[in-house]
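Student: Here is a sequence together with a model predicted from it:
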Amino acid sequence: TMSAVWLKLITIVCLSCTALSGPERSEVVWKEIGGAFTIQCRSEPNQEFLTLRRGIREDIQIFYKVGTSEKNEIAAEFRDRLQFNGVFPNIDLLIKNLTSDDTGPYWCEYARFDSKSAAFITKKGNGSVLLVVRGEPHQSLY
């Protein structure tokens, strides 16, 4: 399964998580199937855009927010499961009803337009997470 592949890659990803340079913070989060987890994306206030990406190559865009405007995009597979709140650039992203397919690294990426170079400057924000979803939800005893 896809989660088995991620579990095999966990050592590599954990090494890359701990190798993030600068003030970025990353962690490994273990959750059960059906559970929920929150990614806390944090950055300094001079940013204009936030993208939550997933995957080792950061090639899957899950969430995109334009600064303090109401404009945002949520990937189709997460629309019914993702909630966000906070004041930009400090956004909390809650993903509910986890499945084993949600296992993998998640990256908070911020961007701003630099008028001197006429280009977007991107940087990782605090909150990068390696999520590992395992097992079945706990059964109630009653």
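Tutor: Structure's in. What do you need? Numbers count the residues shown, from 1 in each chain.

Student: Next up, the contacts around L50.
Tutor: By C-beta atoms under 8 Å, 6 or more residues apart in numbering, the contact set of L50 is 41, 43, 63-65, 88-89, 91, 108-110, 125. For every residue, glycine as well, the C-beta is placed using N, CA and C.

Student: Helix or strand for it, just tell me which one.
Tutor: Here L50 sits within strand 49-54, counting by DSSP states H and E.

Student: CSV please, covering the contacts of L50 and showing neighbour count and secondary structure.
Tutor: Putting the contacts of L50 into CSV (neighbours: other C-beta atoms under 10 Å; DSSP: H, G, I helix; E, B strand; the rest coil) gives the following:
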residue, neighbour count, secondary structure
C41, 28, strand
S43, 23, coil
F63, 23, strand
Y64, 16, strand
K65, 24, strand
F88, 19, coil
P89, 22, coil
I91, 22, strand
C108, 27, strand
E109, 20, strand
Y110, 23, strand
G125, 25, coil
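
Student: So what's the residue count around G34?
Tutor: 14 (other C-beta atoms under 10 Å).

Student: Not counting sequence-adjacent ones, nearest residue to the residue sitting nearest the centre point of the chain?
Tutor: Residue closest to the average C-alpha location in the chain (C-alpha atoms, centre = their mean): Y106, at 3.4 Å. Leaving aside its sequence neighbours, Y106 sits nearest to V129 (C-beta to C-beta, 6 or more residues apart in numbering; 4.8 Å).
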